[in-house]
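Chemist: Have a look; sequence and predicted model below, questions after that.
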Amino acid sequence: MPTSLSILTLLCAIVGAVLGIVNFLRELYNNRVRIRVTPFCGDFITVDGKMYFRSGNWAGEPRGQIPRDGILAVEVVNIGTFPVTIMSIDVLFARPVTVDGITSRIMTVVAVAQFDGKCLPHRIEPRDTMVLYCEKFTLDEPDLGMVTAVCARTACGLKIFGKSPALHQLVCEARRRTQRGQRTTA
């Protein structure tokens, strides 16, 4: 017949085993690269002779409306517990596109950081955000109408893909402008 001391020992062993498994899973989860990639639309404004990039919804424009001179921008958030270096921002197309004599479905774009103007690679600290804009992809660029997703490539070789309703709206607007431009030139 088990004594109360042996039952207490068994309960402590079970609690210890469960806590050990929980800590192992938590440590496994925390030691992964976790970033969120969100494409959106922004534009440039001039204030006191200086040019600034603005993003998101701002006063005077209805929610969800694309700015007249919209440009593809990407927000990269490090939601992990250690710093991550972003090496490049890639754009994925629905079908192969020829740019500068190279045909591919994936193209690395030159992205510039919003606030400090630095180019990639860029180190993002834990719980920090970096906003980049892609100078090539304005609404007047026909290739923007074929973009399906945006991808951030890390220094360790990981690729994190991002889509958003704002990207879909930006692509639809670029397609509409391209079709309108083809009708007027024909």
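Modeler: Sure, I can see it.
Chemist: Quick check on residue 125: phi, psi?
Modeler: When read as degrees, to the nearest 10, the backbone of residue 125 gives phi -70, psi 160.
Chemist: go on, residue 172?
Modeler: According to degrees, to the nearest 10, residue 172 has phi -60, psi -40.
Chemist: Make 669 the first number, not 1, from now on.
Modeler: That works, and once the first residue is 669, the last one we named lands at residue 840.
Chemist: what about residue 704, how many residues close to it?
Modeler: By other Cβ atoms under 10 Å, 13 other residues sit near residue 704. Yep, even glycine has a C-beta here, placed from its N, CA and C like the rest.
Chemist: mind listing what it touches?
Modeler: Applying Cβ atoms under 8 Å, 6 or more residues apart in numbering, we find residue 704 in contact with 743-745, 747, 828, 830.
Chemist: List only those of the residues you listed flagged as buried.
Modeler: 743-745, 828, 830 (16 or more other Cβ atoms under 10 Å).
Chemist: which ones among those residues are found in strands?
Modeler: Counted as lying in strands by DSSP state E, out of the buried ones among the contacts of residue 704, are 743-745, 828, 830.
Chemist: which among those residues gets closest to residue 799?
Modeler: residue 743 (5.1 Å; Cβ to Cβ).
Chemist: one step back: farthest pair in the buried ones among the contacts of residue 704?
Modeler: 743 and 828 (12.1 Å).
Chemist: Find the residues that touch each one of the two.
Modeler: Common neighbours of residue 743 and residue 828 (Cβ under 8 Å, 6+ apart) are 704-705.
Chemist: Look up which residues are beta-bridged to residue 792.
Modeler: Here residue 792 sits in beta bridges with residue 752, going by DSSP bridges.
Chemist: what about it, neighbour count?
Modeler: Other residues close to residue 792 by other Cβ under 10 Å number 19.
Chemist: wait, isn't it in contact with residue 747?
Modeler: No. Applying Cβ atoms under 8 Å as the test, residue 792 and residue 747 come out as separate, 10.1 Å apart.
Chemist: Brilliant, that's me finished.
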